[in-house]
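[1] quick one, what's the 3D model for this:
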Amino acid sequence: MLEVLCEVPKVGYGLSLLTVGYLVYYLREAVKPPQLICAEGPFRTFIEENVAIIWSNFWPAFWCYEARAQTVLASILRTITLPHVKYRRELLTLKDGGQIALDWADQGCSPTSPIVIILPGLTGTSQSEYIRCLIAASKKAGIRCVVFNNRGLGGVPLKTPRLYCAANYDDFSEVIDHIKETNRSIPLGATGVSMGGLILGNYLAQHGASAREKVNAAFIVSAPWNITEAVKSFEKPYLNLLLNRYLAENLCQNIRRMESSNNIMFSDINVETVLKSKTIKEFDANFTAKHFGYKDVDDYYENASLHNKLHLIEVPVLCLSAADDPMQPLEGIPVKEARKSKNVALLVTVRGGHIGWLEGFWPLGEKSYIGKLFSQYFGSVFDEMNDIYECHESNDSEELHPTSFRT
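    I've put the predicted structure just below:
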């Protein structure tokens with residue numbers, strides 16, 4: 001009995017050492033302020049003076065700060081804690097006869113309130129949990145949001161045998177023009193999450209200066225900047241590969257649903273082969289690259305990647321990435337390019353996973369790191385624009401661009 005009683009303190013002592021060691025490691029390795037990477041200039045100064053969150057440590061939930069845990073549990077917790085959003089749906093028919101849903105979160109907002117277009121990720125829609133997180137943040141900031149659901153998603157039948165990909169921004173370009181036409185003189189921002197960030201970034205890069213006449217500022221979250229490097233990371237066993245296969249199965253289910261419910265046939269595509277795809281790269285090789293006319297999947301990935309296009313972007317863009325993102329390793333994040341850019345600012349946290357950023361002891365969706373950054377950034381952007389317009393009205397001789405950031 002005495003030996004047993006002696007063992008109890010030893011076990012407690014061992015657990016205490018492990019706990020202390022875990023907390024020391026957590027505080028030294030996981031709790032750090034994000035790194036802002038951008039060339040010196042008005043945009044960097046604007047962020048430093050107006051986006052307060054960048055000066056504070058990011059405290060990942062200490063019980064799940066590992067990258068894959070952040071990725072998966074963030075999705076689960078946001079799903080549980082955030083209610084479904086009641087949208088006002090607008091169906092937009094595109095030039096080629098295709099149709100998409102624009103879901104407006106504008107209830108209770110002024111018709112003159114600024115607008116932010118949100119582009120979801122690979123298989124995301126307006127009810128995806130991370131989109132609802134942004135919607136909750138936008139309401140507190142008095143911003144109207146409209147979610148751009150890609151073709152065939154959001155409950156809208158596929159009208160033409162054409163889907164979407166990370167490199168093609170034709171549909172988004174039509175959406176931008178439509179919203180600008182129906183909301184004249186209203187400030188407009190855009191947010192892209194994961195693959196949505198690639199679509200948004202490619203649009204901004206290819207349109208250059210002309211994009212500034214339409215989009216005042218942009219925000220990109222968890223973009224897979226260099227898709228070739230992202231795919232290599234995402235195919236590593238075992239947890240990364242499990243997440244990869246889960247998303248690939250969702251893509252295959254979309255193809256099954258569209259073919260069975262819409263009587264749509266994809267020409268020159270072997271659908272049986274597509275449905276056997278086990279990874280995202282296999283799906284892109286069997287479907288996406290062929291569907292959009294690329295010679296192979298590597299050609300598609302090179303065209304869709306954004307890491308080497310920052311110098312083409314002239315719209316101010318704040319980009320949030322995590323150094324431990326399983327879908328985009330640190331070596332794929334364009335740090336060197338961002339150091340030279342006066343329009344693109346990277347905000348890189350040590351931890352966060354992919355669209356994760358669980359923060360605090362018990363993270364709640366409405367108070368998420370992504371949501372706080374979104375509201376601080378766009379709230380400051382639109383406030384700055386109001387100040388510029390007021391200054392312009394009081395001094396008509398002074399020409400001011402609505403997306404200029406003052407030092």
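
[2] the helix or strand harbouring residue 80: which residues count as buried?
    Counting by DSSP states H and E, the element that carries residue 80 is helix 67-81. Buried residues in helix 67-81, counted by 16 or more other Cβ atoms under 10 Å: 67-75, 77-78, 81. For glycine as for every other residue, the C-beta is placed from the backbone atoms N, C-alpha and C.

[3] CSV for the residues you listed, including pLDDT?
    Listed next are the buried residues of helix 67-81 as CSV, based on pLDDT from 0 to 100:
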residue, pLDDT
67, 96
68, 95
69, 95
70, 96
71, 96
72, 95
73, 94
74, 94
75, 95
77, 92
78, 93
81, 91
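
[4] any chance you could map the strands in the stretch 301-407 of the chain?
    317-322, 344-349 (DSSP state E, counting those that start in this stretch).

[5] hey, C-alpha coordinates of the first one in CSV?
    Pointing back at strand 317-322 there. C-alpha atoms of strand 317-322 as CSV (Å, rounded to 0.1, in the frame of the first residue of the first chain):
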residue,chain,number,x,y,z
VAL,A,317,-4.7,43.9,-51.3
LEU,A,318,-4.2,42.6,-47.8
CYS,A,319,-3.5,38.9,-47.8
LEU,A,320,-3.7,36.6,-44.7
SER,A,321,-1.6,33.4,-44.7
ALA,A,322,-0.4,31.0,-42.0
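
[6] please name the strands paired to that strand in the sheet, noting orientation.
    strand 217-221 (parallel), strand 344-349 (parallel) (DSSP bridges).

[7] quick one, which of those strands is packed in tightest?
    Comparing those by mean neighbour count (mean count of other Cβ atoms under 10 Å), strand 217-221 ranks first with a mean of 27.

[8] just give me how far that strand sits from the chain centre.
    Strand 217-221 has its C-alpha centroid displaced from the chain centroid by 8 Å (Cα atoms, centre = their mean, to the nearest Å).

[9] ok, residues contacting that strand?
    Residues outside strand 217-221 that contact it (Cβ atoms under 8 Å, 6 or more residues apart in numbering) are 116, 130, 189-194, 197, 200-201, 204, 315-320, 355, 370, 373-374, 377-378, 381, 403.

[10] again with stretch 49-64
    Residues outside stretch 49-64 that contact it (Cβ under 8 Å, 6+ apart) are 23, 26, 30-34, 36, 47-48, 70, 73, 318, 347, 349-352, 357-363, 369, 372-373, 376-377, 380, 384.

[11] just the buried ones from those residues, in PyMOL syntax?
    Command for PyMOL that selects the buried part of the contacts of stretch 49-64, burial taken from 16+ other Cβ under 10 Å:
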select buried, resi 26+30+32+34+36+47+70+73+318+347+349+350+351+352+357+358+359+363+369+372+373+376+377+380+384
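
[12] and which of the buried residues of helix 67-81 is nearest residue 289?
    residue 71 (26.0 Å; Cβ to Cβ).

[13] my guess is the closest one contacts residue 243, does it?
    Yes. The pair residue 71 / residue 243 is scored as a contact, 6.9 Å apart, by Cβ atoms under 8 Å.

[14] tell me the phi and psi of the residue nearest the centre of the chain?
    Central residue check for the chain by Cα atoms, centre = their mean: the C-alpha nearest the mean position is that of residue 193, 1.6 Å away. Backbone torsions of residue 193, given as degrees, to the nearest 10, read phi -110, psi 130.

[15] list the beta-bridge partners for it.
    Under the criterion used (DSSP bridges), residue 193 bridges to residue 221.

[16] quick one on the thing from earlier: output the strands paired with strand 317-322 in TSV; the columns should cover mean pLDDT and distance to residue 258.
    Conversion of these to TSV gives the following (pLDDT from 0 to 100; distance: least, Cβ to Cβ, whole Å):
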stretch	mean pLDDT	distance to residue 258
strand 217-221	98	27
strand 344-349	98	35
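
[17] export those to TSV and tack on distance to residue 254?
    Listed next are the strands paired with strand 317-322 as TSV, based on distance: least, Cβ to Cβ, whole Å:
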stretch	distance to residue 254
strand 217-221	22
strand 344-349	31
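
[18] residues contacting residue 285?
    277, 296-297.

[19] an error on my part: the question was meant for residue 229.
    Residue 229 neighbours (Cβ under 8 Å, 6+ apart): 328-329, 331-332.

[20] at 7 Å what do you get?
    329, 331-332 (Cβ atoms under 7 Å, 6 or more residues apart in numbering).

[21] list only buried entries from the residues you listed.
    The neighbour count (16+ other Cβ under 10 Å) marks 329, 332 as buried among the contacts of residue 229.

[22] give me the subset of the contacts of residue 229 that lies in helices.
    Residues of the contacts of residue 229 located in helices (DSSP state H): none.

[23] out of the contacts of residue 229, who's nearest residue 104?
    residue 332 (34.3 Å).
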